[in-house]
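Novice: Quick one: sequence and predicted model below, then my questions.
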Amino acid sequence: MEEFIETMERNIKSMPKTKFTKNRELLQHIIALDPPKISKIIAGDELGDLCFSVQLKDIGISFEIFSKYEEELFSPYIGNLLGELIIRENLDEFAEIITNIAEGSYASTVCGCKHTKFGLEILGEKLIFYFHSNLLQKILTEDLREKI
C-alpha cells in the first residue's frame, strides 16, 4: 500500500499543470504585490483607443516568471483581469483623460465602440495595455453608483 501511495504522489507531481492552476499561481503572484503604478498613459485617438504601460518588475514579472507564465499572461482572462485591476487602482489618472474629452466628440469617442478586451504587448521592461475608453466610462459609472 505504501508503495502505491508513493507511486501516486510521484505521478501527481509529474502531471502537467492545468491552465487553471497556472492562472491561479500567476494571479496570486501579482496580487501579492502592492498595486502597480502606471509608467505612462497615452491619451487616445479620435476613436477612443487608449494605452498605458507598467514596469514588469512592478507587477512582479521577472524573466523567469515571464518564461514560466507567458501563455497565461497573454490570455484574455489574465490580460483583462490585470488590465482592469490596474485601471481601478489608478482611476484618478484615467478619470482625468476621459473628463477632458471635448463635449462635441465625447459621444463618438467614448460611446462609439465598446471595450471587449485588452491588447497586450511587451516592449523592453514594460507591459503595454491597449483598450477602449468606453471601459473607463463603465468603471466610473459603477463607481458613482456605489457612492450614491
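Specialist: Arrived safely, thanks for sending.

Novice: Tell me the secondary structure of the nearest residue to Ile42 once chain neighbours are set aside, please.
Specialist: Spatial nearest neighbour of Ile42, excluding adjacent residues (C-beta to C-beta, 6 or more residues apart in numbering): Cys51 at 4.9 Å. To be clear about C-beta, it is placed using only N, CA and C from the backbone, and glycine gets the same treatment. Secondary structure of Cys51, reduced to three states by DSSP: H, G, I helix; E, B strand; the rest coil: strand.

Novice: Renumber starting at 17 from here on
Specialist: In the new numbering, first residue 17, that becomes Cys67.

Novice: Cys67 against Leu143, yeah?
Specialist: No: under the criterion of C-beta atoms under 8 Å, Cys67 is not in contact with Leu143, lying 10.9 Å apart.

Novice: for the residue nearest to Ile58, what are its contacts?
Specialist: Contact analysis of Cys67 by C-beta atoms under 8 Å, 6 or more residues apart in numbering lists Ile57, Ile58, Gly60, Ile144, Phe145, Tyr146, Phe147.

Novice: Glu88 too?
Specialist: By C-beta under 8 Å, 6+ apart, the contact set of Glu88 is Lys35, Lys38, Asn39, Leu42, Ile94.

Novice: Recalculate using a threshold of 10 Å.
Specialist: Contacts here follow C-beta atoms under 10 Å, 6 or more residues apart in numbering; on that basis Glu88 touches Lys35, Thr37, Lys38, Asn39, Arg40, Glu41, Leu42, Leu43, Ile94, Gly95.

Novice: Understood, closing this out.
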